[in-house]
Structure formats: structure tokens, C-alpha cells
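[1] requesting a structural model of the entry that follows:
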Amino acid sequence: MLILSVSQINRYISFKFKEDKQLNGVMIRGEISNFTAHRSGHFYFTMKDSESSLKAVMFKSHAINIKFIPQNGMNIIAMGKVSVFERDGAYQIYVTDIIPDGVGSVYVASEQLKAKLQKEGIFDQSAKRPIPQLPKKIGVVTSKTGAALQDIINILSRRYPIGEMVLIPALVQGESALDSISQALIKAGKLDCDVIIMARGGGSLEDLTPFNTEKVAYTVYNSSIPVISAVGHETDVTIADLAADLRAPTPSAAAEMVSFSKEQINSNLNYYNEKLKVSIRNKFNNVESYLEHITQRLMRFSPEYKIETNIHKFNDLRKRLEIAFLKIISDYENVYISRISQIEALSPVKVLNRGYSLIYKNNEIISNTANLKCGDIIKIKMADGIVRAKIITEGDT
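    Now for the predicted structure:
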């Protein structure tokens, strides 16, 4: 029996794998696990089903051609050849292409790009700009031969003849469409347009691929003027729709969004006319109130107002002075009357009225009998007059 080395047996098995034509062009269905995107550009992963697993590798030369990033848990169909990695003695599939199982690669790539742009804020509502209501110049980025352009022209000419439509033609399908759409959007921003309609008729997901690219999404997001995206039918929602400031279900709907019918314009004019009247009336009332306020302030600072104010103050002070003066006089009168009453109470006349009398001798009041002698002439003052008398006895009688 022949004795072989490990290298020899692995090489022999590898040769047998290469001889098998079915293993050199095989398609395998399975679920991805342990996926690694190496910095070299190679993909390493495992394909598995409910009972078994298989190592897989996809070199950079093939990996750069797929339109999505494989992820763990994704069901795929891998195309390639099964061979032996002689160093480890392990067989694996060398993948040349990957197709998502159940959905197309275009759809998967689109969903992955959506998730990426969502994280970067490209779809945030806070970044959306308002669409001008009465644009003077409307830029239209679409194919110059497509039905979408005719729909837009018909709507604008009928509803909004006062607006100027500027066509910036672009390819909307095929490999060159990506750059053509981006360049047309940038050009529209330099033509002083007030709004841009980016339009395309319906089609398959593959037909709408240019509008599901990162480059177009960023060009729409970074546009210097608002963009309305009207790509495909109402049920078609592209990444460009999500990045735009406003999404229209159809090109015709986009044309209606930037235009107003005559009836709408008249209605708006009536509305703003009434609003203007109310605003003017309120403004007039406010100015009138302010003028009245200023007039009153001016009057308060005028010489005439100051003179009148001082006159009022003078009259008030004079009245207060008169009242104070009368009070002082009244108080003095009361004191005077009180003092008179006190003096009158002590007056000799009052004493005489009570039956007393005064005796004078030589005009001097005599208060005791020791000052009198027999023969003296005296005066006796009583309440109703004076009488003369002569002393006829001395001492007690």
C-alpha cells in the first residue's frame, strides 16, 4: 500500500474536486453566518441550512461587483466553485456572485442605502424646505422625450401660464443617467429657479436605479433650491423621493403642487385682501392709540399744562391757607372768650352785683375800720352807683 504525505493527499483531493465539472460551476442556497468583510476587500463567511454548513470566500475582484453588502442571517444563492484549501485540508466554495434569495440584489442594495442615508440625516423632516407658492421660474429635470415632460407642460400651461418653465434635460435610465441627473440638478440651481421638479415616468425597480443611488440622493439633499421628486408611479418610492423636500406621486401632481389655478389665485387674493384690511385697521388703531398717548404726554410737558397745574396747586394751597388761618383765628377767639370769662369772674363789678360794696376814703379803698374815724367823709360804691356818707361813730356800735 502506497504511503502518502498530508500535502500529497490534500493535493490529490483538490485535483479530484477540480476534475468534477459540477463542482466547478455550482449554485448553493443557504443562510449567511459569521460574515467578515476583510480590509483587503475579501469576504469570508459561512453558508448554512438546518443540517449543515459550508465555508465560503469571495475575493475582492468579485466582491466589488455586487450591489449590496451581505449580512448575517441573509438568505442567498451563491455561485462559484467548490475546491479544497490544501493548507488546511478543508473544502469551501469560492464565490463569484451572490443573489439574494427571494428578492433581487437591486432591492437589497436600495434598502441598505436607505438605512445608511437615514442614519446620516438625509431624510430628516427638519431639513425639508418649504415649496414657494407662486414661483416665477420652475426648473424641470427630466428626459426631453419622455411623457413626464409633456404631462408637466400641459398642467403648467393650463393652470399657471404666468410661470416660466425651464427644461434641464437629463438621462433618466441607463448607466449614464446617474451623472446626467446630478449635473442637471446642479445646473438648475445656477439658473435662478425658484423650485425644481425632478421627474420620470413609471418603470421597473431596475429602471429607477439612478434615483436609488447615493450620488443623486446627496445632490438632491445639497441642492441650493427646493426639489420636488416625481419619479415613477404613485406606488414607486425611491431614495430620491425621500431625500427631496417634497415627494409627488406623479409628474402631473408635481406640476399641480407648484401651480395655482385661477380660482385658487382669486380665492387667495380675496383672503389676503381681507387679511390686509384687518392688518391695516389694526395698525391704524394702534397708531391712533399711540398718537393719543404721545399727545397726552406732550400736553403734560407743555408750559400751558404746567401753568394750569401750578394754578390748581396755588388755588389749593390758598384754600388750605384760608382754612388754616380761619382755624387759628377761631382758636384765638376761643382762648380770648375763655380768658374774658375768667377775668369777668374776678371783676369787682361782679362782686358788687352780688351785694358787696367798696368804701373809698380819699380815693383809697378802706379794707378795715381802723382806718376810719368819726367825721370822715367816705364814698360807698355799689353796683348801681356811688353814695357819700359821714362816719358818726368810731369802733364797734
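
[2] only C-alpha atoms for contact and neighbour calcs from this point on.
    Fine.

[3] hmm, Lys18 is touching Asn24, no?
    Yes. The pair Lys18 / Asn24 is scored as a contact, 6.7 Å apart, by CA atoms under 8 Å.

[4] what sits in contact with each of the two?
    Ser83 (CA atoms under 8 Å, 6 or more residues apart in numbering).

[5] from Asn10, how far off is the residue nearest in space to the middle of the chain?
    With distances taken as CA atoms, centre = their mean, Ser126 lies nearest the centre of the chain, 11.6 Å away. As defined by CA to CA, to the nearest Å, Ser126 lies at a distance of 62 Å from Asn10.

[6] swap in Thr145?
    62 Å.

[7] strands of the stretch 51-200 of the chain, residue ranges please.
    53-58, 75-85, 90-100, 137-142, 164-169, 195-200 (DSSP state E, counting those that start in this stretch).

[8] er, the stretch 201-350 of the chain I mean
    With DSSP E, counting those that start in this stretch, the ranges of strands along the stretch 201-350 of the chain come out as 227-231, 246-247.

[9] and the contacts of the shortest one?
    This points to strand 246-247. 128, 131, 227-230, 241, 254.

[10] ditto for the first one
    Applying CA under 8 Å, 6+ apart, the set of residues contacting strand 227-231 from outside is 195-202, 208, 211, 220, 237-238, 240-241, 244-251, 253-254.

[11] and it, which strands flank it?
    strand 195-200 (parallel), strand 246-247 (parallel) (DSSP bridges).

[12] and the gap between the residue nearest to the centre of the chain and Ala243?
    12 Å.

[13] out of the strands paired with strand 227-231, which one sits most buried?
    Among those, strand 195-200 has the highest mean neighbour count (mean count of other CA atoms under 10 Å), at a mean of 28.

[14] in CSV, list the C-alpha atoms belonging to that one.
    Only the C-alpha atoms of strand 195-200 are listed here, as CSV (Å, rounded to 0.1, in the frame of the first residue of the first chain):
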residue,chain,number,x,y,z
VAL,A,195,-38.1,75.3,-7.4
ILE,A,196,-37.0,72.1,-9.3
ILE,A,197,-39.2,69.3,-10.4
MET,A,198,-37.2,66.1,-10.9
ALA,A,199,-39.5,63.7,-12.9
ARG,A,200,-39.6,60.4,-14.6
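
[15] what does that strand rub up against?
    Contacts of strand 195-200 (CA under 8 Å, 6+ apart): 131-132, 135, 137-143, 146, 148-149, 172, 185, 188, 225-232, 250-251, 254-255.

[16] narrow the residues you listed to those that are buried.
    The neighbour-count criterion (16 or more other CA atoms under 10 Å) marks 131, 135, 137-143, 148-149, 172, 185, 188, 225-232, 250-251, 254-255 among those as buried.

[17] can you give me the helices in this structure?
    All helices of the chain, identified by DSSP state H, fall at 6-19, 21-24, 60-63, 105-119, 147-159, 177-189, 214-221, 239-243, 251-257, 262-301, 303-346, 348-353.

[18] and the gap between Thr142 and Phe43?
    Distance from Thr142 to Phe43, by CA to CA: 39 Å.

[19] my error: substitute Lys16 in the last question.
    According to CA to CA, Lys16 stands 26 Å off from Phe43.

[20] higher neighbour count, the two?
    For the pair Lys16 and Phe43, the greater number of neighbours falls to Phe43 (20 against 12), based on other CA atoms under 10 Å.

[21] how about the more buried one, what does it touch?
    Applying CA under 8 Å, 6+ apart, the residues contacting Phe43 are 35-37, 57-60, 63.

[22] farthest-separated two in these?
    Phe35 and Lys60 (14.5 Å; CA to CA).

[23] do you know how far Lys361 is from Gly375?
    12 Å.

[24] no wait, Leu2
    206 Å.

[25] between these two, which has more neighbouring residues?
    Set side by side, Leu2 and Gly375 show more neighbours around Gly375, with 12 against 3, by other CA under 10 Å.

[26] surely the more buried one is in contact with Ala389?
    No. Gly375 lies out of contact with Ala389 (CA under 8 Å); the separation is 9.5 Å.

[27] now the closest residue to Val220 other than its chain neighbours: phi and psi?
    In space, Val220 comes closest to Ala244 once its chain neighbours are excluded; the distance is 5.9 Å by CA to CA, 6 or more residues apart in numbering. Main-chain torsions, Ala244, degrees, to the nearest 10: phi -70, psi 160.

[28] how many other residues sit next to Ile280?
    12.

[29] need the pLDDT of it.
    In this model, Ile280 is scored at 91, pLDDT.

[30] just Lys215 next, same as before
    92.

[31] that one - how many residues pack around it?
    16.

[32] my guess is it meets Ile181, correct?
    No. Checked against CA under 8 Å, the pair Lys215 and Ile181 is beyond contact range at 9.5 Å.

[33] list the contacts for Ala253?
    Ala230.
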